[in-house]
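1. Got a predicted structure here, sequence first:
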Number of protein chains: 2
Amino acid sequence: MSKSELPVIQADAVCCSPMVREPLDEPAAQDLARMFKALADPVRLRLLSLIASHEGGEACVCDLTGPFDVSQPTISHHLKVLREAGLVGSERRGTWVYYWVLPAALGKLSSLLDIPAQVTA
Amino acid sequence: MSKSELPVIQADAVCCSPMVREPLDEPAAQDLARMFKALADPVRLRLLSLIASHEGGEACVCDLTGPFDVSQPTISHHLKVLREAGLVGSERRGTWVYYWVLPAALGKLSSLLDIPAQVTA
């Protein structure tokens, strides 16, 4: 088979985590660590999943306090941390604030951690 | 078309983040938060990416101290945190300890955060 007949695309070259291609530099690591820190709390992870799994992909803050044994101000604090880390968006409509996840930001973290098994073979 | 002729696999049912399918319960959220906490530090993220991107998918601790302005004991502490969170494996061979990433553990976090954009439409 001549070289020109070989398929050009190398799946490995485009599929893999940025972390596998080259070491993270310090500014990138600082940005990413800040986002992971927002996820490093069980209440915030549960809030994020309540929002992501809520019908229509968004949830009113009134939907988010029931399942927890913590106060409304504590829930508001955690939602603020998620929002400031760029993981959720929010908007006030009348009495309530509504939240939705931001898939692009979560996807950035997801692809970073998607390390193929063969890397460690 | 009879029911038996229908394709059985529904892509949406298998593709999506567990977080979208249903809210995380408290024990799962605690486990996951512990792993995210290990990632919530820029030095640890850079160590993880140095290991993942190292030739052969594993790195000697002797490869991991050069790029940092922190002491060897600090690097060792961060490597211990990554190991205890189940994100890297390690083995002593002669003088040095070698580290490699554990793709299954990282993949669990990756798929959790892989939220399709249409969820928020």
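-> Okay, I see it.

2. What segments of chain A are helices?
-> A:11-15, A:18-21, A:26-39, A:42-53, A:61-64, A:72-84, A:103-113 (DSSP state H).

3. Mean neighbour count, those: which tops it?
-> Among the helices of chain A, ranked by average contacts under mean count of other CB atoms under 10 Å in any protein chain shown, first place goes to helix A:42-53 (a mean of 25). Glycine gets a C-beta too; all of them are placed from N, C-alpha and C.

4. what's that one in contact with?
-> Outside helix A:42-53, the residues within contact range by CB atoms under 8 Å, 6 or more residues apart in numbering or on different chains are A:38-39, A:57-59, A:63-64, A:67-68, A:70, A:74-75, A:78-79, A:81-82, A:87-88, A:99-101, B:17-26, B:29-30, B:32-33, B:36, B:115, B:119.

5. Give me the distance from it to the chain's centre.
-> Computed by CA atoms, centre = their mean, to the nearest Å, the chain-centroid distance of helix A:42-53 equals 11 Å.

6. swap in stretch A:47-67?
-> Centroid separation between stretch A:47-67 and its chain, computed with CA atoms, centre = their mean, is 16 Å.

7. next one: stretch A:61-70
-> Remark: stretch A:61-70 is offset 21 Å from the chain centroid, using CA atoms, centre = their mean.

8. where does chain A have low pLDDT?
-> A:1-16, A:118-121 (pLDDT under 70).

9. and if we set it to 80?
-> Scanning chain A for pLDDT under 80 picks out A:1-19, A:21, A:117-121.

10. Apart from its neighbours in sequence, what residue is nearest the residue sitting nearest the centre point of it?
-> By CA atoms, centre = their mean, chain A has its centre lying nearest to residue A:106, at 2.2 Å. Nearest non-adjacent residue to residue A:106, counting by CB to CB, 6 or more residues apart in numbering or on different chains: residue B:113, 4.4 Å away.
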